[in-house]
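Engineer: When you get a sec, could you give me coordinates for this:
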Amino acid sequence: MNFDEYQQKSRKTALYPAIGHPVIYPTLGLVNEAGEVAGKIKKVFRDKDGQISEETRQALKAELGDVLWYLAQVSTELGLTLDEVAESNIAKLYDRLERGKIGGDGDAR
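Structural biologist: As a prediction, the model looks like this:
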């Protein structure tokens, strides 16, 4: 499956409340799900000596799927495709790599 196909298919399941601008709900969901991914990773290091079991890997796959769903909805609400987002990000990263600026911080590297 490619990004465009995923975005189109996932949109059929995008039933969420109108709480002001349509980008608000999926944005809040995105950060919530990203936090769940981080929480599971934190517990791997706190409770499992950094060992990711197959059960944890599958749980992370599910959470990452939720992150992807919300990312698709935020992108759609902004009039962007996931392909556009991915292509733009790769172009930015390769530009930084070519200029020796892949490390460090700041958007304008």
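Engineer: Any chance you could list what contacts the helix or strand that contains residue 7?
Structural biologist: Per DSSP states H and E: residue 7 is located in helix 3-11. Outside helix 3-11, the residues that touch it by C-beta atoms under 8 Å, 6 or more residues apart in numbering are 1, 68-69, 72-73, 75-76, 81-83, 86. In this view, the C-beta of every residue, glycine as well, is placed from N, C-alpha and C.
Engineer: who wins for most neighbours among those residues?
Structural biologist: residue 72 (25 neighbours; other C-beta atoms under 10 Å).
Engineer: quick one: that one from residue 33, how far?
Structural biologist: Going from residue 72 to residue 33 by C-beta to C-beta, to the nearest Å gives 12 Å.
Engineer: Over to residue 23?
Structural biologist: 16 Å.
Engineer: the more surrounded of these two?
Structural biologist: More neighbours surround residue 33 than the other of residue 23 and residue 33, with 20 against 14 (other C-beta under 10 Å).
Engineer: Return the residue spatially closest to that one, with its sequence-adjacent residues excluded.
Structural biologist: residue 66 (4.2 Å; C-beta to C-beta, 6 or more residues apart in numbering).
Engineer: could you give the angle of whichever strand or helix holds the one you found to helix 3-11?
Structural biologist: Using DSSP H and E, residue 66 sits in helix 54-77. Taking axes from the mean of the first three to the mean of the last three C-alpha atoms, to 10 degrees, one finds helix 54-77 and helix 3-11 inclined to each other by 90 degrees.
Engineer: buried stuff in helix 54-77?
Structural biologist: 56, 60, 63, 66-77 (16 or more other C-beta atoms under 10 Å).
Engineer: any chance you could read off phi and psi for residue 52?
Structural biologist: With angles defined as degrees, to the nearest 10, residue 52 sits at phi -90, psi 110.
Engineer: wait, I meant residue 106
Structural biologist: phi 100, psi 140.
Engineer: Could you do residue 33 as well?
Structural biologist: Backbone torsions for residue 33, taken as degrees, to the nearest 10, come to phi -70, psi -40.
Engineer: what about residue 25, distance to residue 61?
Structural biologist: The gap separating residue 25 from residue 61 is 24 Å, by C-beta to C-beta.
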